[in-house]
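Peer 1: can't give you the sequence, but here's the structure:
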């Protein structure tokens, strides 16, 4: 073998070793980042078995009371092979029995169609699987008091019963974690016609100038949670008409889609991994979501056009229960809402539990 060939072979071998080393290091970083993320058990099907074997709990007399004037027919069950369904929750604490403040259902059609996002108002008045009476949907995050069914499982079951869609995965963000994610991604854009702020002392004080501005995590959180938004018109601060849970839902979707669009800024797996490592304690995900699934979802999101996402809205009407609770009643079956985005995706016959 000539000296030139020897040098060439050694050079190629060295390059191969460098590449293999880089791949190995990247794989190690992926695994390490994934292990840093908090995980939780998630088994709605197992929760259904527990509910079937135990007596209903008493529940809250104010909210888990009488049925609404009109009860919608059971949700038409959607075939499990139609969507990958993700339930995303925002809450003051990760778990621990608190009520959900933000509930988002994200549907990824398995046929490659554009995804959909739907906000479930926290005051939506539906049957609580634990008590078999009616309550606000956000109360389900507390789980069953006896401890047999966890909050994530119970909330997923309640959403499944209402929508007919089996929930595949669950993620929960704390408010502090939400702020950190927004800050890490460089903030989001919020546009208002007039100077705008919130008057509720229960939320972090925030204010926005007229026009479009980049909001940090604290301001974005206040914006999506605000129920007491006021604006300055002709020098006078006035309540913004029509601000409600539905307004909050619109804002939440705006922010989520902006966050998704930020993924386009990641030009390499390494930059994405760096962000995951920095935010590992900002959220909790279920144990069933594999590292491969998560990586594919995050990377595929780089090609997603937020304008092509179906933004579904649940028609509701105001209602006050006999106990004095102000709630929202759904006025049409969820299958009709779903059909506005996916008329070609058929469902099976109505009724029957989701396995």
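Peer 2: In hand now; what should we look at? The shown structure was predicted, so the numbers you read here are calculated from the model rather than taken from an experiment.
Peer 1: For residue 322, which non-adjacent residue is closest in space?
Peer 2: Counting by C-beta to C-beta, 6 or more residues apart in numbering, residue 322 lies nearest to residue 66, which is 5.6 Å off, once chain neighbours are set aside. Every residue, glycine included, has its C-beta placed from N, CA and C.
Peer 1: Residue 320 versus that neighbour, what's the distance?
Peer 2: 11 Å (C-beta to C-beta, to the nearest Å).
Peer 1: Let's verify residue 222: helix, strand, or coil?
Peer 2: helix (DSSP: H, G, I helix; E, B strand; the rest coil).
Peer 1: That one and residue 213, how far apart?
Peer 2: Applying C-beta to C-beta to residue 222 and residue 213 gives a distance of 14 Å.
Peer 1: now residue 82
Peer 2: 40 Å.
Peer 1: do residue 248 as well
Peer 2: Counting by C-beta to C-beta, the gap from residue 248 to residue 213 is 20 Å.
Peer 1: out of the two, which sits in the more crowded spot?
Peer 2: Counted by other C-beta atoms under 10 Å, residue 248 and residue 213 do not tie: residue 248 has more neighbours, with 21 against 14.
Peer 1: where exactly do the helices run in this protein?
Peer 2: Here the chain has its helices, by DSSP state H, at 3-36, 44-53, 151-163, 175-184, 217-225, 245-262, 269-278, 291-300, 334-339.
Peer 1: So for the third one, mean pLDDT?
Peer 2: If you average the pLDDT over helix 151-163, you get 95.
Peer 1: And the fifth one, by the same measure?
Peer 2: Here the mean pLDDT over helix 217-225 is 88, rounded to a whole number.
Peer 1: again, but for stretch 166-173
Peer 2: Mean predicted lDDT for stretch 166-173 stands at 91.
Peer 1: low pLDDT regions in the stretch 101-250 of the chain?
Peer 2: 199-204, 241-244 (pLDDT under 70).
Peer 1: Would you map the strands across it?
Peer 2: 102-109, 116-119, 125-127, 134-136, 169-174, 188-192, 196-198, 207-208, 211-215, 229-233, 236-239 (DSSP state E, counting those that start in this stretch).
Peer 1: Adding distance to residue 264, write those strands out as a markdown table.
Peer 2: A markdown table is the format used below for the strands of the stretch 101-250 of the chain (distance: least, C-beta to C-beta, whole Å):
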| stretch | distance to residue 264 |
| --- | --- |
| strand 102-109 | 18 |
| strand 116-119 | 18 |
| strand 125-127 | 36 |
| strand 134-136 | 36 |
| strand 169-174 | 21 |
| strand 188-192 | 14 |
| strand 196-198 | 28 |
| strand 207-208 | 25 |
| strand 211-215 | 17 |
| strand 229-233 | 30 |
| strand 236-239 | 37 |
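Peer 1: Can you say which of those is nearest to residue 43?
Peer 2: Closest approach to residue 43 among these (C-beta to C-beta): strand 169-174, 10.2 Å.
Peer 1: now that closest one, how far from the centre of its chain.
Peer 2: Offset of strand 169-174 from its chain centre (C-alpha atoms, centre = their mean, to the nearest Å): 6 Å.
Peer 1: who's in contact with the nearest residue to residue 176 once chain neighbours are set aside?
Peer 2: Leaving out its chain neighbours, the residue that sits closest to residue 176 by C-beta to C-beta, 6+ apart is residue 282, at 7.7 Å. Neighbouring residues of residue 282 by C-beta atoms under 8 Å, 6 or more residues apart in numbering: 173, 174, 176, 177, 178, 180, 181.
Peer 1: Wait, the second one touches residue 92, no?
Peer 2: Yes: under the contact definition of C-beta atoms under 8 Å, residue 174 touches residue 92, with a separation of 6.8 Å.
Peer 1: Neighbour count: the two, which is higher?
Peer 2: Counted by other C-beta under 10 Å, residue 174 and residue 92 do not tie: residue 174 has more neighbours, with 19 against 12.
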